[in-house]
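J.: Need a 3D model of the sequence below.
(chains A, B, C and D)
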Number of protein chains: 2
Amino acid sequence: MRQKKSALASVTVLERLRAAGLRPTRQRLALAKLLFARGHRHVSAEQLFNEARGQRVDVSLATVYNALHDFTGKGLLREISIDSSSSYFDTNTGNHHHFYFERTGRLEDIASDQVSISALPSAPGGAEISRVDVIIRVKA
Amino acid sequence: MRQKKSALASVTVLERLRAAGLRPTRQRLALAKLLFARGHRHVSAEQLFNEARGQRVDVSLATVYNALHDFTGKGLLREISIDSSSSYFDTNTGNHHHFYFERTGRLEDIASDQVSISALPSAPGGAEISRVDVIIRVKA
DNA sequence: CCTTAATTTAGAATTATTCTAAACTGCTTG
DNA sequence: CAAGCAGTTTAGAATAATTCTAAATTAAGG
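T.: Here you go, the predicted model:
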């Protein structure tokens, strides 16, 4: 069963990459598995790189950056910059918001139906809104 | 009148620095004048540095960083990190939100009464909320 | 004035990220 | 299924924003 489960996960990930028009290379498959294996996560490039290393996935840091950007470009990830020191990539690309724990730097999702924003001013000059981010900064 | 106006501005800035417990040095006074002279603004360290240079204010980049952080620490500025490439300092420290123009990187204030957020989930573990940022990203 | 602690500064150091150019590898075609 | 090419990967250099260091300067108080 372990074997099968793992094989299934690979298949899914491979399909996701194909569907996105990304060539499923060994590196992308491994990184995508780490990213999408379980529930949603928020990772920095460095974190993902270390995780891959820890699992003996031979991949360079440059490739991690490339993959994260490629995935983001294809809508598989969303990039978030909260703390200017580094950016995070969120596997949850749906409409949602975040808690940001200032002390630890950790992010936690808030389902979009938990926050309701009203009376949004229209963008100046009728410009199109590409997304609305709500970040609740928490002192803990 | 010009002289007087400028003198008044200096006095105000000097008082603000004193009130904040910051020694009003030549550099801080000059930077504070640039920052607070007119309406609210969003500046990066590099921008402020160049502006100072342009006005023959002899100040180092390190001092600009120091001043921006000191001012932020005393509540005279608020730091904003939207794009991970650099951070901005906002002279408007009141409760408000932002439009972010993705193409140009420009920020524009949105008065807090223009956005109403309801049903905020309480912070996990009863942690204290230090601030809520709403960023409306605009494709223009 | 003099002293002292705070501030400024040049330049080095650090950190995250991107770039470069060469090596490698999926995929398609013949 | 072999060949070739475009797309990928990679090591290491390069870049950009920011911070650090240690020495020189300066504001504030007696």
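
J.: roughly how far apart are A:Phe71 and chain B?
T.: 17 Å (C-beta to the nearest C-beta, to the nearest Å). Glycine gets a C-beta too; all of them are placed from N, C-alpha and C.

J.: what residues does stretch A:30-37 touch?
T.: For stretch A:30-37, the surrounding residues in contact (C-beta atoms under 8 Å, 6 or more residues apart in numbering or on different chains) are A:9-10, A:12-13, A:16-17, A:41, A:43, A:48, A:51-52, A:55, A:57, A:59, A:63-64, A:67, A:71, A:76-77, A:89, A:91.

J.: Just those: which are in helices?
T.: In this view, the contacts of stretch A:30-37 that belong to helices under DSSP state H are A:9-10, A:12-13, A:16-17, A:48, A:51-52, A:63-64, A:67, A:71.

J.: PyMOL command to pick out the buried ones of those?
T.: Listed next is the PyMOL selection for buried residues among the ones in helices among the contacts of stretch A:30-37, using 16 or more other C-beta atoms under 10 Å in any protein chain shown:
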select buried, chain A and resi 13+16+17+48+52+63+64+67+71
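
J.: With pLDDT and distance to DNA strand D added, can I get the ones in helices among the contacts of stretch A:30-37 in CSV?
T.: Output for the ones in helices among the contacts of stretch A:30-37, formatted as CSV (pLDDT from 0 to 100; distance: C-beta to the nearest atom of the strand, whole Å):
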residue, pLDDT, distance to DNA strand D
A:Ala9, 71, 18
A:Ser10, 71, 15
A:Thr12, 89, 18
A:Val13, 94, 13
A:Arg16, 95, 14
A:Leu17, 97, 9
A:Leu48, 98, 12
A:Glu51, 97, 14
A:Ala52, 97, 9
A:Thr63, 98, 3
A:Val64, 98, 8
A:Ala67, 98, 6
A:Phe71, 98, 10
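
J.: Got phi/psi on the residue lying farthest from the centre of chain A?
T.: Largest separation from the mean C-alpha position in chain A: A:Gly125, at 31.3 Å (C-alpha atoms, centre = their mean). Note on A:Gly125: its backbone torsions stand at phi 60, psi 20 [degrees, to the nearest 10].

J.: give the contact list for the closest residue to it other than its chain neighbours.
T.: Distances taken as C-beta to C-beta, 6 or more residues apart in numbering or on different chains place B:Ala140 nearest to A:Gly125, at 6.9 Å, with adjacent residues excluded. Counting by C-beta under 8 Å, 6+ apart, B:Ala140 touches A:123, A:125, A:127-128, B:101-104.

J.: Could you tell me which of those residues belong to strands?
T.: Among the contacts of B:Ala140, the members falling in strands (DSSP state E) are B:Phe101.

J.: now, which of the contacts of B:Ala140 sits nearest DNA strand D?
T.: Set against DNA strand D, the nearest of the contacts of B:Ala140 by C-beta to the nearest atom of the strand is B:Thr104 (14.6 Å).

J.: what does the domain assignment say about chain A?
T.: By the assignment in automatic domain parsing, chain A contains the domains A:2-80, A:95-138.

J.: Which one of the ones you listed has the poorest average confidence?
T.: Note on those: domain A:95-138 shows the lowest mean pLDDT, a mean of 87.
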